[in-house]
Each structure stands twice: as structure tokens, then as C-alpha cells.
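Colleague: only geometry, no sequence info:
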């Protein structure tokens, strides 16, 4: 979950990534991914993003980094800190880092806000009736993920189903182009098969939620699915 724009060593990044990811999952219950990640940035104009501090109860320095936590198209300023168990002064660019000696942690995490940003109360701006599968809408973003749980008897033909959905999206774009992109177009989409089920990562481009008004009834007609989640 750790990304950077300052000069930082691969060794530092690897140690930070492992420790902070484990802490984040333990504290929030959320696994970092495309909707949750870290980026270096200023908290506000004039704030140092990388500085040192005096470790409480000692004469030794620790270091801290002010960063942004990206959560579902929202930005949450947070601060990470680190120190050495053997009183070394580890810097971002250092390569000789003992991951067992350096200790990372978050100054604080607003878990309630993170959950609120990640799982907003969203609804489709239209109603769909009598779908042949359970539809769950967790979030609606420009970069959307559609997780499709197949009925057991159709898991063996997942590739065929992907081709049908590919053809549907291509035709949606083609029909919209003929009408001067009246309904927008999908910019790109990437399917994959995970444990017999299908996952589509889709960039909605200029279509917005309207695309789902067409896609979900089409998927219902195929009658291959138990559950579809938009997330």
C-alpha cells in the first residue's frame, strides 16, 4: 500500500510496506488495493512532509512522514512514524536497513472515516426489476469493478461468458458512437477469472451509471449468475 515520490530506497519501502500494511489491516479490517493506497503529499501549504522528532523519554531521534491515504477517490491526511530499536537514525534513502530493527506505525487512523469513505451509501440512479441474480451495489466510481459469481453449472464456460460480455460492451460503444456518443463510451475493460468466477475492471469513461442500466438487464437475460457486485 506504500507509494512514494520522495527519494526513498527499495529497502526502506519494503520494510515500511510490510509493517504498515499489516497494521492497517489489523486496525481497519480493510485490505489495501486499487481503492485504498498511500501517496506522499503535503498536509497543507507550508507543512514539512518529512521531518524528525525526539523520541519520548530519550535523547534519540525518530522520523515521521506526512502522507495522504487514498480511499475510494477521497484523500485523508495521515502521518507515519518510525524508530530504531537499537537507536539508529534510519532515513528514507538508506539502503542498509534491518527490518527487524526498524519499527513503523501510524500516528492515528480514523477508522470510522475510512469505512465511510470506502463504503458510501450509494444507489443506482434508476430501478431494475426482476433480475435473475442478486445485485449488490457497494460503490459507483469511474473505475468500477464488477464481481460476478457464476452458478456452479456455468463455471466451466467462464471464457465463453467473458466473450459475450466483451461483445456487449463493444456494441454499446459502437451504438453510442453512431449517435455522436449520446450515451458516452466505455474507455477500457479488463476481464479475469478468479476461482471460477469473473471479475471485470471497467473504466466507465463518459457513460457514467447509465451503462449499468443496459448491462445489468443483459446479464440477467443470460441467466448464468447467482450474484453480481458493483464495487
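Modeller: Thanks, I have it. None of these values were measured; they are calculated from a predicted model.

Colleague: I'd say residue 183 and residue 207 touch.
Modeller: Yes: applying C-beta atoms under 8 Å as the test, residue 183 and residue 207 come out as touching, 6.2 Å apart. Any C-beta I mention is one placed from the backbone N, CA and C, and that applies to glycine too.

Colleague: of the two, who's got more company?
Modeller: Each of residue 183 and residue 207 has its neighbours counted (other C-beta atoms under 10 Å); residue 207 has more, 23 against 18.

Colleague: from residue 164, how far out is that one?
Modeller: According to C-beta to C-beta, to the nearest Å, residue 207 stands 19 Å off from residue 164.

Colleague: circling back to that earlier point, which neighbours do residue 183 and residue 207 share?
Modeller: 172, 176 (C-beta atoms under 8 Å, 6 or more residues apart in numbering).

Colleague: quick one: the helices in the chain, in order.
Modeller: With helices called from DSSP state H, the chain shows them at 10-28, 111-118, 158-178, 210-222.

Colleague: of those helices, give the one that comes closest to residue 66.
Modeller: Smallest distance to residue 66 across these (C-beta to C-beta): 14.1 Å, for helix 10-28.

Colleague: which residues touch the residue nearest to residue 212 when sequence neighbours are not counted?
Modeller: Spatial nearest neighbour of residue 212, excluding adjacent residues (C-beta to C-beta, 6 or more residues apart in numbering): residue 124 at 6.3 Å. Residue 124 makes contact with 137, 140, 209, 212-213, according to C-beta under 8 Å, 6+ apart.

Colleague: quick one: pLDDT of residue 124?
Modeller: Among the per-residue scores, residue 124 holds a pLDDT of 80.

Colleague: can you give me phi and psi for it?
Modeller: phi -70, psi 140 (degrees, to the nearest 10).

Colleague: again, but for residue 127
Modeller: Torsion angles, degrees, to the nearest 10, at residue 127: phi -110, psi 140.

Colleague: so what's the residue count around it?
Modeller: Neighbour number of residue 127 under other C-beta under 10 Å is 7.

Colleague: what's the answer for residue 165, then?
Modeller: Neighbours of residue 165 (other C-beta under 10 Å): 20.

Colleague: I'd guessed residue 16 sits against residue 81; true?
Modeller: No: look at residue 16 against residue 81 with C-beta under 8 Å: they stay out of range, at 10.8 Å.

Colleague: need the overlap of contacts for these two.
Modeller: Common contact partners of residue 16 and residue 81 (C-beta under 8 Å, 6+ apart): residue 104.

Colleague: okay, these two: which has more neighbours?
Modeller: The neighbour count for residue 16 versus residue 81, taken as other C-beta under 10 Å, is higher for residue 16 (23 against 15).

Colleague: and the more buried one, how close does it get to residue 83?
Modeller: Residue 16 is 13 Å from residue 83, by C-beta to C-beta.
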